[in-house]
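[1] A predicted structure for the sequence below; I have some questions about it.
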Amino acid sequence: MYDTILTGGRIVDPSQDLDTATDIAFADGKVAALGADIDGTAKQTIDASGKIVSPGLIDIHAHVNWGATYLSVEAETVAKNSGTTTFVDAGSAGAGTFHGFRKHVIEPSPLRIVAFLNISHPGMFGYGPGFMVGESADLKFLHTGACVDVARQHGDLICGVKVRLGGNVSGTLGTIPLDLAIDAAEELNLPVMVHIGPTPPRRQDILERLRPGDILTHCCRMFPNALVDRERNIRAEVEDARKRGIIFDVGHGRGSFDFNVARGMIDSGFVPDVISSDVHIVSINGPAFDVLVTMSKFLCLGVPLSEVIRAVTVNAAHAIGRPELGSLRPGSPGDATVLSIETGAFDYYDSLGQVLTGEQKFAVEHILVGGTPWP
């Protein structure tokens, strides 16, 4: 007997180049069968006709160390509205604070949470109402040895090393925090996720240091350090970085998304590899909201449905080194998101207050975690 069968839904699974109406069954926490007229009974059957069934959505840039940092939000609350089944915390915790994050947030959560470990020992400790203390601005905090030790202790959960760069978070240190993060990541054989903020340092100095598989987040940020020029063409150093295997992630957030930059990237055929929200306490009520709203923006900007789904499933899974996720192949973890697309006139905002009135919006119908509906 199966635990759950979804019938008649439009399965959109880019990991299998699959876009077809069929049935899917889940058992023992995994995808058990995929195809028309699945033979067998289930504890529950859900009619997904007219809906989109995708692998469980993965948000690779979120802040969910709730209760331990002012910045973070509660994963379960966000998931109910966004359909996210895997959250990747982007450096809320560092080596000195990760143990508590694991015990008090990750382990009790019904959802999957993995994390980038901040190269800064305390993590993002100084983000509060009306102020921000850059955790990358003081060399005393940047402890590669502690980062490596804690990442090894929690290797089942740590998927990379996070570093934030920009005049407001790394001060006058330039690329030194990135160099230290890369040192730790090389020792761990993991990627670096680097936050690109306003200069300094400049994008060229960041991109030239990154290795294949490293992730540049906030790739749709505005001037200065935008990845497009004033004519909205992709800059040469950005094209070169993609050819070298650098991964470009949206990381919308409160202050890192410009519709003009996103349009320029899309018009140049340079669609971001991964779509993520950077959801936190000052972006959860707009302009980012969550990964589903960010997906809706890219759908309204003209990115095809299959490519939007790809960016939050198989691409996201590979970016964090979890290839078993982001797929509905039989044997994969039984996470799925059932979506509808509403039509109408919907206003979307970027970080500069610009408005895009779109005709489509994703909505969550069902979430399956480990093969059973949640919540």
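    Cool, got the structure.
[2] which residue ranges form the strands in the stretch 101-250 of the chain?
    112-118, 126-128, 131-133, 158-165, 192-196, 215-217, 247-249 (DSSP state E, counting those that start in this stretch).
[3] For the one helix or strand Val338 maps to, what does the pLDDT average out to?
    Assessed by DSSP states H and E, Val338 sits inside strand 336-349. The pLDDT scores in strand 336-349 average 98.
[4] Determine the set of other helices and strands touching that strand.
    strand 2-13, strand 52-55, strand 84-94, helix 291-300, strand 355-369 (3 or more C-beta pairs under 8 Å, 6 or more residues apart in numbering; DSSP states H and E). In short, each C-beta sits where N, CA and C put it, glycine included.
[5] Partner strands of it, with direction?
    strand 52-55 (antiparallel), strand 355-369 (antiparallel) (DSSP bridges).
[6] Pull the residues that contact the shortest one.
    Right, strand 52-55. 6, 9-13, 15, 24, 305, 309, 313-314, 325-328, 332, 335-341 (C-beta atoms under 8 Å, 6 or more residues apart in numbering).
[7] Just the buried subset of these, written out for ChimeraX, thanks.
    Buried residues among these (16 or more other C-beta atoms under 10 Å), as a ChimeraX selection:
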select :6,9,10,11,12,13,15,24,305,309,313,314,325,326,327,328,332,335,336,337,338,339
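[8] CSV please, covering the strands of the stretch 101-250 of the chain and showing mean neighbour count and distance to Asn233.
    Converted to CSV, the strands of the stretch 101-250 of the chain look like this (neighbours: other C-beta atoms under 10 Å; distance: least, C-beta to C-beta, whole Å):
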stretch, mean neighbour count, distance to Asn233
strand 112-118, 26, 31
strand 126-128, 17, 34
strand 131-133, 11, 32
strand 158-165, 27, 24
strand 192-196, 26, 18
strand 215-217, 27, 18
strand 247-249, 24, 16
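[9] so which of those gets nearest Phe141?
    Counting by C-beta to C-beta, Phe141 lies closest to strand 112-118 out of the strands of the stretch 101-250 of the chain; the figure is 9.1 Å.
[10] ok, now which ones touch the most centrally placed residue in the chain?
    For the chain, the residue nearest the mean C-alpha position is Ile60 (2.2 Å; C-alpha atoms, centre = their mean). By C-beta under 8 Å, 6+ apart, Ile60 lies in contact with Val88, Ala90, Met193, Ile215, Asp249, Val274, Ser276, Ala316, Ala319, Ile320.
[11] What's opposite Ala33 in the beta bridge?
    Ala25.
[12] Run through the residues that contact Ser15.
    Residues near Ser15 by C-beta under 8 Å, 6+ apart: Pro55, Thr313, Val314, Ala317, Gly326, Ser327, Leu328, Arg329.
[13] For it, what are phi and psi?
    Torsion angles at Ser15 (phi, psi; degrees, to the nearest 10) stand at phi -60, psi -20.
[14] gap between the two ends of stretch 279-290?
    Using C-alpha to C-alpha, to the nearest Å, the end-to-end distance of stretch 279-290 comes to 6 Å.
[15] mind listing what's buried in it?
    Residues Val279, His280, Ile281, Val282, Ser283, Ile284, Pro287, Ala288, Phe289, Asp290 are the ones in stretch 279-290 that count as buried (16+ other C-beta under 10 Å).
[16] Check stretch 28-37 too.
    Counting neighbours by 16+ other C-beta under 10 Å, stretch 28-37 gives Lys30, Val31, Ala32, Leu34 as buried.
[17] now the residues you listed in CSV, with pLDDT and distance to Val169?
    Listed next are these as CSV, based on pLDDT from 0 to 100; distance: C-beta to C-beta, whole Å:
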residue, pLDDT, distance to Val169
Lys30, 98, 40
Val31, 98, 40
Ala32, 97, 46
Leu34, 96, 45
